[in-house]
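Participant: From the sequence below, what's the structure:
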Amino acid sequence: MGYHLSFNLIWRHFDKLWGGLLLSLELAIISIAIGALIGLVLAVWYVSAGRVVRAIIAAYVEFIRNVPLILLVYLVFYGLPTAIDIAYGPTTSFVLTLSLYAGAYLVEVFRSGLEAVPRGQLDAGKALGLTPWQRLIDVRLPTMTRITLPALSNTFISLFKDTSVASVIAVPELTYGAQWINFSTFRIVEVYIVTTIMYLVTGYAILFGLRQVERRFRVER
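Facilitator: You can find the predicted model right below:
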């Protein structure tokens, strides 16, 4: 007997997908914000510190970038509570994991942006009598942000898609909602068609918004 598409059961449980999408966006926004803070602090520290500090930061970046995200999720959710006797829920665990994951990638983005700031701007800041902290806040960070906007856009889109990994520890985001509908209705093709469209539309909407920000603040050549 052939398989016939029927989306009726998908629409009946669409609240699972819609609620999951909202949670996915929430997870992405919170994790990106924390990850950006981690990445920025470590990047500034990296370009201004000595070899030992650079080696430690580089080790963190290389470890995170070379370990699959799903394994990090398992380590933080199952491993840390066992190792250091702490307790937290799956959502908190995933936000912590994705924040550390995002931070490792954003360290490199911000570091390259800081190193790309024209030397003449820094010299001009010194000539005006700005302190190192003032040069960082008023000169380096604004220029770095404009330089790194395209790379940040790509990273943010990737991290939004990475929220789907949260389904492995039962965080009720979009992919988990799709799995729930699949197991309850056995309409595997229909639910993943709808879920794919939701990821695509949301991803393109985020990308469109970020591209507008890029055009507004891009560095003119």
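Participant: in stretch 27-39, what's buried?
Facilitator: Leu27, Ala28, Ser31, Ile32, Ile34, Gly35, Ala36, Ile38, Gly39 (16 or more other C-beta atoms under 10 Å). For the C-beta atoms, the positions are set from N, CA and C on the backbone; glycine is no exception.
Participant: Just the pLDDT for the fifth one.
Facilitator: Reported pLDDT at Ile34 in the predicted model: 96.
Participant: likewise the last one?
Facilitator: Model confidence at Gly39, given as pLDDT, is 95.
Participant: quick one: it and Leu100 touch, right?
Facilitator: No: Gly39 lies out of contact with Leu100 (C-beta atoms under 8 Å); the separation is 10.3 Å.
Participant: ok so, going back, and the buried residues of stretch 27-39, which two are the farthest apart?
Facilitator: For the buried residues of stretch 27-39, the maximum inter-member distance is 17.5 Å, found between Leu27 and Gly39 (C-beta to C-beta).
Participant: So for this protein, the centremost residue is which one?
Facilitator: When C-alpha atoms, centre = their mean is applied to the chain, the residue found nearest the centroid is Leu159 (3.4 Å).
Participant: do you know how far that one is from Pro132?
Facilitator: 31 Å (C-beta to C-beta, to the nearest Å).
Participant: repeat for Gly89
Facilitator: Taken as C-beta to C-beta, the span from Gly89 to Pro132 is 42 Å.
Participant: quick one: contacts for the nearest residue to Ser164 once chain neighbours are set aside?
Facilitator: For Ser164, ignoring the flanking residues on the chain, the nearest one in space by C-beta to C-beta, 6 or more residues apart in numbering is Thr175 at 4.0 Å. By C-beta atoms under 8 Å, 6 or more residues apart in numbering, the contact list for Thr175 reads Gly20, Ser24, Ser164, Ala166, Ser167, Thr195.
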